[in-house]
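[1] Quick one: sequence and predicted model below, then my questions.
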Amino acid sequence: MLIELHPEHPEPRKIRRAVEALRKGEVIAYPTDTAYGLGVDLLSRPAIDRLYQVKGIPRTQQLAFLCHDLSDVARYTVVEQDAYRLLKRALPGPYTFILKATREVPKNLHSRRRTVGVRVPAHPVPIALVRELGHPILSTTANRHGEPPVIDPREIELTFPGVSIVLDGGLGGEGLTTVIDLTENAVVREGMGAIDGLF
């Protein structure tokens with residue numbers, strides 16, 4: 001189902017409709033500050049399994065937590081003072097930061113290193129979704145492995161048949177987030193987020 005919404009001022013009833021789907025364990029798609037994302041309720045194990053199936057990726061691939069602000073990030077990750085200063089400069093924005101997981105992170109989402117990727121997008125739609133849901137969305141880019149992201153929201157349902165709702169906020173971007181592992185102070189992937197002046 002395609003639901004058109006205002007990308008800058010998303011209508012609350014449309015956000016609620018999408019969150020209802022999340023709570024039922026469904027996969028939804030939404031615009032972000034980079035590309036369109038696919039996401040599920042972080043606390044629903046069946047939904048997480050469904051997301052991996054829909055995207056067609058192995059469970060070994062870690063997905064990001066979409067959070068609504070830094071306090072949300074600090075609930076699910078261990079944020080030291082230096083890391084906090086960096087996060088405050090970079091977020092919200094097109095970055096995914098890898099940090100040590102706290103006990104709040106469901107065990108089935110822990111990596112072998114007990115780390116988790118977190119992101120606070122600079123886009124009203126995912127922020128509204130996470131606020132309404134009350135906890136993070138487990139999220140991945142709306143693309144097939146090794147292919148660019150799907151730009152047209154109308155094509156997302158065709159590309160990913162398991163998606164129940166696509167929030168149409170207009171054409172999406174093709175960029176990806178910059179991924180930074182703060183446990184090793186390493187840039188994992190250069191994307192839309194600038195590296196210069198960040199550290």
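    Here it is on my side, so go on. Numbers count the residues shown, from 1 in each chain.

[2] Excluding covalently adjacent residues, which one is nearest to the spatially most central residue of the chain?
    Geometric centre of the chain, nearest residue: Ser139, 3.5 Å, by Cα atoms, centre = their mean. Of all residues not flanking Ser139 in the chain, Gly39 sits nearest, at 4.1 Å (Cβ to Cβ, 6 or more residues apart in numbering). For the C-beta atoms, the positions are set from N, CA and C on the backbone; glycine is no exception.

[3] residues near that neighbour, how many?
    If you count neighbours by other Cβ atoms under 10 Å, Gly39 ends up with 29.

[4] which SSE is it in?
    Applying DSSP states H and E as the criterion places Gly39 in strand 37-41.

[5] what does Ala83 give?
    Ala83 belongs to helix 81-90 when assigned by DSSP H and E.

[6] returning to that earlier point: going by neighbour count, which residues in whatever helix or strand comes next after the strand holding Gly39 are buried?
    Following strand 37-41 in sequence order, the next helix or strand is helix 45-55 (DSSP H and E). For helix 45-55, burial by neighbour count (16 or more other Cβ atoms under 10 Å) applies to Ala47, Ile48, Arg50, Leu51, Tyr52, Val54, Lys55.

[7] and if you look at stretch 113-129?
    Residues of stretch 113-129 classed as buried: 115-121, 123-129 (neighbour count, 16+ other Cβ under 10 Å).

[8] go on, stretch 180-190?
    Ile180, Asp181, Leu182.

[9] Parallel or antiparallel, list what pairs with the host helix or strand of the residue nearest to the centre of the chain.
    Using DSSP H and E, Ser139 sits within strand 137-141. Strand pairing for strand 137-141, using DSSP bridges, gives strand 37-41 (antiparallel), strand 64-66 (antiparallel).

[10] as a whole number, average confidence for the first one?
    Over the span of strand 37-41, the pLDDT mean works out to 98.

[11] Can you name the residues in contact with it?
    With contacts defined as Cβ atoms under 8 Å, 6 or more residues apart in numbering, strand 37-41 is touched by 22-23, 25-31, 47-48, 50-51, 54-55, 66, 126, 129, 133, 135, 137-142, 156, 160, 163.

[12] now that strand and helix 45-55, what's the angle there?
    If you take axes from the mean of the first three to the mean of the last three Cα atoms, to 10 degrees, strand 37-41 sits at 160 degrees to helix 45-55.

[13] excluding its backbone neighbours, what's nearest Val116?
    Val116's closest residue in space is Ala101 (Cβ to Cβ, 6+ apart), at 4.4 Å.
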